[in-house]
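Undergrad: This is a predicted model, with the sequence first.
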Amino acid sequence: MRDPVTNERHGAEPLLEVLDLRVRIERDTGLVHPLNGVSFRIQEGQSVGIVGESGCGKTMASNALLRILPRRAEITHGSMQFRTQAGDRIDLAQLDPMSRRMRQIRGGEISMIFQEPMTAFSPVHTVHDQIAEMIRLHDPGADKEEQHRRVVELLDQVGIPDPEQRAFDYSFQLSGGMRQRAMIAMALASGPRLLIADEPTTALDVTVQARVLKLIERMQRELNLALMLITHDLGVVAHMVSYVYVMYLGRVVEEGPVEAIFDNPKHPYTAALLRSIPNLASKSRRLEPIEGNVPSADRLPTGCPFHTRCTEKVGDICQQRMPARVELSVGHAVSCFRYTEESLDDG
Amino acid sequence: MMTQATPPRVEPDAGPDLAFASQWRLMWLRFRRHRLAMVAGVVLLVLYFGAVFCEIIAPLGAGQRHRSYVLCPPQEVRLVDAAGDFHFRPFLYGVKQRGNPSDWLREYVVDTSVVYPIHFFTRGPEYEMWGLFATNWHLFGADEGAPLFLFGTDELGRDLFTRILYGSRISLTIGLVGVALTFFIGILLGGVAGYFGGWIDIIVQRGIEIIMAIPQLPLWMALSAALPAHWPPLHVYFGITIILSFMGWTGLARVVRGKFLTMRDEDFVVAARLAGTHELKIIFTHLLPSFLSHVITSATLAVPGMILGETALSFLGIGLQDPVVSWGVLLQKAQNFQAVVMAPWLLLPGLFVVFAVLAFNIVGDGMRDAADPYAN
Amino acid sequence: MAELAADTILRVEGLKKHFPVRRGLLQRVVGSVKAVDDVSFSVQQGRTLGLVGESGCGKTTTGRMILRALDPTAGQVWFRQSDGQVVDMAALRGAEIKQARRDMQMIFQDPYSSLNPRMPVMDLIAEPLRARGWTRPDCESRVAELMDLVGLDARMIRRYPHAFSGGQRQRIGIARALALKPSLIVADEPVSALDVSVQAQILNLLQALQQDLGLTLVFIAHDLSVVRYLCDQVAVMYQGRIVEQGESEALFTAPRHPYTATLLQAAPAPDPHVPWMQDIDETETEAGDTTAPVELVDGTTAAGGCAFVPRCAHATDLCRQQGPILMPGSTRESQVQYGAAHLAACHHQDELQLRGI
């Protein structure tokens, strides 16, 4: 059946459902909460965007998901329900990060690609060896022949020319775009059901970025892969995903189908963000910057995290309490006091 | 907006302390959090305090021989007497020799009938404070003839505690003087090589590599043997220092060179050039402060090498010699196996070397961790 | 030609920067990397020129050569100083360079590495002043003035860079560049390293400063939307050469070089309704995907021919044999539009109907 809002085909249960996730980090200056109650869900085969600027916690969220948080960080609250291949639901938050089950999922059922492909690859192993290792880890039965065959197949699938030869290159011998493709191949080697892409094209030139994004889109289609795309680039989000979560300082402030978010942003932050970025396609209108700076994580504002820069505050309540999530229409929700009374009218 | 005629003083705001913290203050704040390094720092301060004021702290003279107390073991300063009574003033019991004094086998027995109270801020053997003026004040002492040997005596009856204190002056300062020299040569050559590059860099680098390839100890021994035998102790001291520095500068030069190379093309250096700042000023105001913390850390970690070097040379008999007192010279007496078995307290100078070296290393580590201004 | 047109403040002529490639024990030169290869353009007083291109195209190198932060291998950089005198930056020596630099300054990309972390704001901004003998009290009031100008609270004058955010640091860099009242500013990707919402602050600041102070701006960027917002004229660079040049509007709405069209197509607009990458086949391999300047060993490849051939959908034999020259086309639109000629380095610029935005 197709979801009326997202138009994605999906089963009744989401592939991944994160509820009220909170993460705490110990810094020299004290305790810091980079994630302060984040909830999102991804259906099978759906592409979801997590958008925000630095300090919003989007990378922390993906790290928490795969249980690869830095040493002094821990999940203090919340659940991350993942529906495995076998059909059972596990709460990733409850698993021991080093347990066998978690390691099966990490890199196996949930894969991740990063911003900097150079550091994702070992400089002293060939690309072939590293991808083969991925295959081996998640399919111990595959023998050398099989591994090699699949490596070449994957490299071909991701559009690397001459895959038989190129497989034996080292990562530094490949150009930026090629490396990113190789990283995608490595991520797909285990046949994941969810791919997390954390700023996958930020370090690439725009023409290369376009190709790599198109590749990800194609892989998603062919493999019915769910995609969690984390980025600060609103242009990329507009064209790559069907559903968007907008984050600010550790909270999801607005979520909705991509058209709704761009055409009809409800949260003052979303609206202000869209007004502050230049748009090549529209005539040069005046950019309206968001005044002030993102508050530092160790001194979070009280109440709504955006109130220090918000031009549409409702009143004192904005700095006293955290706004609750309100559903404005099917699939479009916002956390803002402007909508707690008028929510149904605005629908 | 400032619109007055005379240039007004801008009143800085009262922001959080850290905002105004220069790199040194930030470094200090981070260093302070290292408990171990702080403790080690205190240890070093105590050791250097002892070195500076050794004449006052030591109860006796460095060369003063106590013929009746040859190879006397360390004497205990007591507060409770044999009868179990407590006394406020610490005291020593007398010590008598048993057996034939000319015999190797010597035994000292405590004689509780003779009591020597310890006095503070008392008069004692005369000395020249820092070689400047004569006086005879001591921090503590006992009457003439008292066995005030906290660390025992050597084979000539000289108090080891006093000698260790006097020795610390030489051993600890050789490290500093040596490092200062190393500093100077290392920064100069390393900076020149890194900043100008080209063939200067190649020459300096190859030079460093050649020097580093020479085995240290044999080189030291050779150079030391080359020192004229008739030289006065002070000259020998400086000679040794120069010899030790001769090899030490290479490590520092490499670090400095590396830093210069990376920083030469940093944006803020380009910006300084574009602003019109003179090259020399760029080196001193932009480049030098940037790596000064690293250099100081390297230097701190180089001092132990110097101390050990001097100790080793003197221990082998080719460094400083009697009557100059250094920890290495003191350890020379410990070469004799028999002596060590009979009088193990003669090894105490070695313990001090260990303390000093450990303390320097820990402090250096702490400084290294604290040095990066952007470490979280 | 030593003269600059009356309204022109900067003219770059035949600028080249070749880096020698050395191999072997004796470090013999075997070839060269042509980071910038024969670049020419001019900028009129008070206007903004955007230099765009992807990594390795030579835009940053060109920018640095204008200021003589890098020595050109060949070419001239004619600049009209504030006293009216016209000098060739590339030919100046020693003290003359320092003299010329009071009229042209640079804003850097990285707000973290462009400020010495060990100097307080006061010393950072005052550096150009101190280098020219200003006294401390004079510096202090000028620095306060500059901080106000760029939107910083002057009371923060004693703070160190680590106390400021990325956007604020960039403002400090701008204040420093403005200290001597230059007439030309080269901005090297000044907003690329900033948060999205902060970029607009700095862009607006630059625009306002330009208008208020009559600055001429050479704006180096890879983000076309930013360039369209800020710049009157644009020059598109590819592998060390300018491939298209002209007024912003003309260039963006009706590009004349396939590479420009590719760039325009590739950047996704922040609007899901605007089509993206319509006619580009994603499975095309990236023959031109380089992350380093092109390496040409003398005597071999690319002897003739257009550099864009491997990636061009419209390449013909002519393109492979003969390198195109940057010139206006023969159609009327390309001659002079919006006040300046629209130039393209493409043999087929008149025939191709390229899609703009």
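TA: Ah, there it is. The structure presented is a predicted model; accordingly, all values stated were derived computationally and were not measured.

Undergrad: Report the beta-bridge partners for the residue nearest to B:Val115 when sequence neighbours are not counted.
TA: Excluding the flanking residues, the one nearest B:Val115 by CB to CB, 6 or more residues apart in numbering or on different chains is B:Phe91, at 5.4 Å. For every residue, glycine as well, the C-beta is placed using N, CA and C. Under DSSP bridges, the beta-bridge partners of B:Phe91 are B:Arg78, B:Pro117.

Undergrad: What separation do you get for B:Phe91 and chain C?
TA: 57 Å (CB to the nearest CB, to the nearest Å).

Undergrad: List the buried residues of the strand or helix carrying B:Gln205.
TA: Using DSSP states H and E, B:Gln205 maps to helix B:198-213. For helix B:198-213, burial by neighbour count (16 or more other CB atoms under 10 Å in any protein chain shown) applies to B:201, B:204-205, B:208, B:211.

Undergrad: does A:Ile196 count as helix, strand or coil?
TA: Recorded secondary structure, A:Ile196: strand (DSSP: H, G, I helix; E, B strand; the rest coil).

Undergrad: and the residue positioned nearest the centre of chain C, what does it touch?
TA: Nearest to the geometric centre of chain C sits C:Ile220, at 3.0 Å (CA atoms, centre = their mean). Contacts for C:Ile220 (CB atoms under 8 Å, 6 or more residues apart in numbering or on different chains) come out as C:50-52, C:59-60, C:62-63, C:186-189.

Undergrad: For beta bridges, what are the partners of it?
TA: Bridge pairing for C:Ile220 - DSSP bridges - gives C:Leu51, C:Asp188.

Undergrad: Let me see the domain layout of chain C.
TA: Here the domain parsing of chain C from automatic domain parsing is C:8-252, C:256-354.

Undergrad: and the end-to-end length of the last one?
TA: Think domain C:256-354. End-to-end span of domain C:256-354 (CA to CA, to the nearest Å): 7 Å.

Undergrad: What of the first one?
TA: Between the opening and closing residues of domain C:8-252 lies a distance of 24 Å (CA to CA).

Undergrad: Helices of the stretch 251-376 of chain B, residue ranges please.
TA: Using DSSP state H, counting those that start in this stretch, the helices of the stretch 251-376 of chain B run over residues B:267-275, B:279-282, B:288-315, B:327-332, B:337-342, B:348-370.

Undergrad: C:Arg355: neighbour count?
TA: 13 (other CB atoms under 10 Å in any protein chain shown).

Undergrad: Enumerate every residue touching B:Asp81.
TA: Listed by CB under 8 Å, 6+ apart, the contact partners of B:Asp81 are B:87, B:91, B:112, B:115.

Undergrad: pLDDT score for it?
TA: pLDDT for B:Asp81: 77.

Undergrad: what do you get for C:Arg256?
TA: We have a pLDDT of 91 for C:Arg256.

Undergrad: May I ask which helix or strand encompasses it?
TA: Counting by DSSP H and E, C:Arg256 is part of no helix or strand.

Undergrad: For C:Leu205, give me its contacts.
TA: Residues near C:Leu205 by CB under 8 Å, 6+ apart: C:150-151, C:171, C:174.

Undergrad: Would you point out the most distant pair within these?
TA: Farthest-apart pair in these is C:Gly151 and C:Ile174; separation 9.3 Å (CB to CB).

Undergrad: Of these two, which one has the most company?
TA: C:Ile174 (24 against 17).

Undergrad: Now do the strands in the stretch 101-250 of chain A.
TA: Using DSSP state E, counting those that start in this stretch, the strands found in the stretch 101-250 of chain A span residues A:110-113, A:194-198, A:226-231, A:243-248.

Undergrad: between the second one and strand A:226-231, how many degrees?
TA: Right, the one you point to is strand A:194-198. Going by axes from the mean of the first three to the mean of the last three CA atoms, to 10 degrees, strand A:194-198 is angled at 10 degrees with respect to strand A:226-231.

Undergrad: Show me what strand A:194-198 is in contact with.
TA: Against strand A:194-198 from outside (CB under 8 Å, 6+ apart): A:15-16, A:42, A:58-59, A:62, A:65-66, A:109-115, A:187-188, A:216, A:219-220, A:225-230.

Undergrad: quick one on the thing from earlier: near chain C at all, the helix holding B:Gln205?
TA: No: Helix B:198-213 lies out of reach of chain C by CB under 8 Å from any CB of the partner chain, never closer than 10.1 Å.

Undergrad: If you count contacts, what does that helix end up packed against?
TA: helix B:160-196, helix B:233-264 (3 or more CB pairs under 8 Å, 6 or more residues apart in numbering or on different chains; DSSP states H and E).
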